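S.K.: got a sequence here, can you model it:
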Amino acid sequence: MSQAFFEKPILNSPYAYPDRHWELDADGQPTQRIIEMRRRSDLITPVPKPKKRRQAKDQGQMLFADAKGLSTDEQEYNPTPIINEVRTYVDAWRRLPNPEQWLVTPETARLLQHWRNHEFSGVRPFFCQIEAVETAIWLAEVAPKLGARSARFRAHLEGANAQANPDLMRVALKLATGAGKTTVMAMLIAWQTVNAVRHPNSRQFSRGFLIVAPGITIKDRLRVLLPNDPDSYYRNREIVPPDLLAEIDKAKIVITNYHAFKLRERIALAKGTRDALKGWRNEALQTLETEGQMVQRVMPDLMGLKNIVVLNDEAHHCYRERVKDATGETEADLKGEDREAAKEANEAARLWISGLEAVKRKLGLAMVYDLSATPFFLRGSGYAEGTLFPWTMSDFSLMDAIECGIVKLPRVPVADNVPGGDTPMFRDLWEHIGKQMPKKGRSASGRKLDPLKLPTELLSALDALYGHYEKTHRLWQESGIKIPPVFIVVCNNTATSELVFDYISGFQRDNDDGTTTLENGRLALFRNFDEHGNPLPRPNTILIDSAQLESGEISKEFREAHAGEIERFKRELVERTGDAQAADRLDDAALLREVMNTVGKTGRLGEQVRCVVSVSMLTEGWDANTVTHILGLRAFGTQLLCEQVVGRGLRRQSYDLNDEDRFNVEYADILGIPFDFAAKPVVAPPARPRETVRVHAVRPDRDALAIIYPRVEGYRIEPPEDRVTALFGPDHVLDLTPDLVGPSVTKNQGIIGEGVDLTIEHLHEVRTSTILFHLTRHLLYDKYRDPGEPPKLHLFGQMKRITRQWLEGGYLKCSGGTYPAQLLYKEMADMAAERIKAAITEGLSGSQPVKAILDPYNPTGSSAFVNFTTSKALRWQTRADRCHVDWAVCDSDWEAEFCRVVENHPRTLAYVKNQGLGLEVPYLMGATARKYLPDFIVRLDDGQAEPLHLIVEIKGYRGEDAKEKANTMRGYWVPGVNNIGKYGRWAFAEFREVYEIERQFGALVAGIIGKDAA
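M.R.: Model (predicted):
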């Protein structure tokens, strides 16, 4: 492997600093005349920013790219200067040609020469890995010998730890996901062990190691750090020269997950027994194990050793929250799911750090080395969210790793064909769909959710990313790669993950008669059922709840939900091993972890998994290297979460060098994750105070102007029995646009390399007859069937004829790269069916009149009850002879213009703005019940004995929801209320051009008068 690959200061090299400068004294040591260098992350190109279309309204998150200005006298939040200074010293020290000048032991010098110069048969350690270990070595062996020049580094570490970890000494080494933290841990163990064995009386080194992981998955994967493991890194990756392997065998290493630190019950007692043993004095029983007993249980091999060295993997989960003098948000400052997440994180972190403190009290700890790609304080910890641990002394960021090519290049949305918006829709998908997704635990509430009713934008995102996955899958097959690429979906909770899993892989729908019907997966390559409805012997898609698997215990519900997959995996395990008892020796949780851990690994249980739908997926250290596509379905409050989720897919598949001694570029396409490291902390300016006014009905002076209206809850129309006709008009047109269904073209781009367009062009292959059948069936089964009643199948032919008339008559428009096949999305099918139903209702007008259903408890509303305060600046002071309410609070200048026009028209008797009035019109947007608030009610003198009530809507841009509202007003609300009789006569009008309002209103009134006169 070319040495040039590791040293040339060019792109795609694991590390190079083109502007480092220093001066050495006569002894080869760095002097005080070190020229300050820029931080590495300031030199690289950031992940592409999305192309902005308008100014962002606000910044709702604290980002950590630059912590300057966040530090206080009580808390340091910007360790970057100290990291850069240490890096400069280490660089100068590294370049010293004579090992005798290194100020390290001969054993350390031997290892350093081996790591830097040995011709490795496989992948040699990256520069970033060597630099991290060199930093630890320099701080431990070299810095203490430099006197006052380096004393400040020890003082900084002691001060940083005194603030957050008063009982521990921690040093954090930050390495990006995919940069090889496990190799760094092996190198640290080798350095400590070889020196401890060769210098048994030294207190500086140890051969006892406690490796703590955040979950069982990482614990299992770290077994390669055990000297006697078949895949031991010390031998297989040549971390140690052959003649030093005997010393490595003398290391005592314990690998555990932090959950093991929880004190356990020594005696299992029922509650009644425990109460009886407490006696009348109610003396507490000491049945929990002591700290000493816990230490004996967790790490028996380390008993008797002193000054243990701890290696914390994924160490950002180990901290003690700051409550008393918190400088950031605490758990109490948060609400809802954020507070619950912070509580869980703080409890886990408290258990982890308390366990280490107990180990120090019982055995003694020399040093704690934290290894993490994101050693940042979490939200709710009491520290400023997303800021580096101040004891971080080495920093190799994800951006460094991307630029150097040792991880995949993430491609994120930078543009799409949806007009407006601050960023591409699929850049932060949750912002657009979050309110429509189920809350945590919703699936367990007893209400069965329908996977086919997922938001349209989500389905478009799935189709767009899946379309590119299909191409990638085909290319892998043509290249002879036997394992498939992997598509992962990271969800916010189990309710969401189950819906997405069912939509992708297929599910059995329960029918009213007790039977089930298969709804096969909508993404063909991810289906778990064949075309005949039989479960595949090896599932293509798996559902993982990472939190349960990492704790080692899975719930009964989770086990039952995966019963079929577990049985299939057990059969496969028996077939692979030939051992009939192999499956019985694994519990369900271990089996599912084995599947997850072996995704993309040849000859293992997870070899052929194509799609993973997961909850959390942030802590388990998933190391699959075949991930090519990631979809994020959760809120991302900070870039910390973005980096963690993106990191799940950045491990390279191949480390082979090309003809230029470089890595070939590998890509990971990402949607739904607002990944952007170029952002800065934003301090919100104080809000300017506004005048507050009271808006109320002027009583009794203006009571003659009061407007009475009905409070409608729904509509009733008898469904057609025999003959069905439809009267189509302009408002029955459905225009499928990217603004409605989500982008049809999304441009994904990395910091360098080739971009890609994610499209939904594969939907063009869906036949028109398929769309016609499904839309007709949806109309008949969902719109013209009463609950518990069978569908009116005798109308299928007529409904099909009307549906074809709608499809082929120009009432379906597909703009901006959308396709008719998107009518198969449940929400779009509902919208189309509502348009057709509205046309049928208008066709039945007169023969089957619509009736409005009123609120049984409060059927009548009145302007007399308007009474509220507002600070909104845009408002119109009404004329005393025109409006019952003193102010009209306007949403736009158009509405203010309408107030002027309506007040000056001689036929106006009274009017009121529907703000605080309570007029709500129920309507359906697809299958979603919504409330529409019209803008005004105007009472007009049209020459009749009884005045006309005109509901007015001021509308500029008219989207699909505006058509639904207009259809509801004209087809249901107005005729339904008029048929009641006791609320007078009603009509509806829209005004769409601000400069034509006066003319159009005059023409409308004149037309009404003329029509009535005729």
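S.K.: check what pLDDT the nearest residue to residue 118 once chain neighbours are set aside gets.
M.R.: Take residue 118 and drop its neighbours on the chain: the residue closest to it by CB to CB, 6 or more residues apart in numbering is residue 238, 6.8 Å away. For every residue, glycine as well, the C-beta is placed using N, CA and C. Per-residue confidence (pLDDT) for residue 238: 91.
S.K.: can you report phi and psi for residue 238?
M.R.: phi 60, psi 40 (degrees, to the nearest 10).
S.K.: contacts only, for it.
M.R.: For residue 238, the contact set (CB atoms under 8 Å, 6 or more residues apart in numbering) comprises 118, 120-122.
S.K.: output these as a markdown table; include the columns distance to residue 469.
M.R.: A markdown table is the format used below for the contacts of residue 238 (distance: CB to CB, whole Å):
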| residue | distance to residue 469 |
| --- | --- |
| 118 | 40 |
| 120 | 35 |
| 121 | 35 |
| 122 | 31 |
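S.K.: one step back: how near is the residue nearest to residue 118 to residue 120?
M.R.: For residue 238, the distance to residue 120 (CB to CB, to the nearest Å) stands at 5 Å.
S.K.: ditto for residue 220
M.R.: Taking CB to CB as the measure, residue 220 falls 26 Å from residue 120.
S.K.: so between those two, which is more surrounded?
M.R.: Comparing residue 220 with residue 120 by other CB atoms under 10 Å, the one with more neighbours is residue 220, at 16 against 13.
S.K.: three-state assignment of that one?
M.R.: Classification of residue 220 using DSSP: H, G, I helix; E, B strand; the rest coil returns helix.
S.K.: that one touches residue 593, doesn't it?
M.R.: Yes - with contacts counted by CB atoms under 8 Å, residue 220 reaches residue 593, the gap being 7.4 Å.
S.K.: what about the nearest residue to residue 145 once chain neighbours are set aside, how many residues nearby?
M.R.: Once flanking residues are discounted, residue 145 sits nearest to residue 103: 4.9 Å by CB to CB, 6+ apart. The burial count assigned to residue 103 is 19, neighbours taken as other CB under 10 Å.
S.K.: and residue 103, that's in a helix?
M.R.: No - per three-state DSSP, residue 103 lies outside any helix segment and is coil.
S.K.: the strands in the stretch 701-850 of the chain, which residues?
M.R.: For the stretch 701-850 of the chain, the strands defined by DSSP state E, counting those that start in this stretch cover 708-710, 712-716, 734-736, 745-749, 756-759, 812-814.
S.K.: report pLDDT for the spatially most central residue of the chain.
M.R.: Residue closest to the mean C-alpha point of the chain, counted by CA atoms, centre = their mean, is residue 634 at 2.9 Å. Residue 634 carries a pLDDT value of 88.
S.K.: residue contacts, it?
M.R.: By CB under 8 Å, 6+ apart, the residues touching residue 634 are 430, 490-492, 496, 641.
S.K.: so where's the stretch 251-400 of the chain uncertain?
M.R.: Filtered on pLDDT under 70, the stretch 251-400 of the chain yields the residue ranges 267-286.
S.K.: same question for the stretch 701-850 of the chain.
M.R.: In the stretch 701-850 of the chain, residues with pLDDT under 70: 718-721, 752, 787-788, 844-848.
S.K.: at 80 what do you get?
M.R.: Along the stretch 701-850 of the chain, the model assigns pLDDT under 80 to residues 716-723, 751-753, 785-789, 841-849.
S.K.: please enumerate the helices of it.
M.R.: Taking DSSP state H, counting those that start in this stretch, the helices of the stretch 701-850 of the chain run over residues 738-741, 768-778, 796-808, 826-843.
S.K.: what are the buried residues along the second one?
M.R.: This points to helix 768-778. 771-772, 774-778 (16 or more other CB atoms under 10 Å).
S.K.: quick one: low-confidence parts of the stretch 51-200 of the chain?
M.R.: In the stretch 51-200 of the chain (pLDDT under 80), the answer is 51-80, 149.
S.K.: follow-up on the earlier one: most packed of the strands of the stretch 701-850 of the chain?
M.R.: Of all these, strand 745-749 carries the top mean neighbour count, a mean of 23, counting by mean count of other CB atoms under 10 Å.
S.K.: what pairs with that one, parallel or antiparallel?
M.R.: Within its sheet, strand 745-749 is paired with strand 409-416 (antiparallel), strand 756-759 (antiparallel), according to DSSP bridges.
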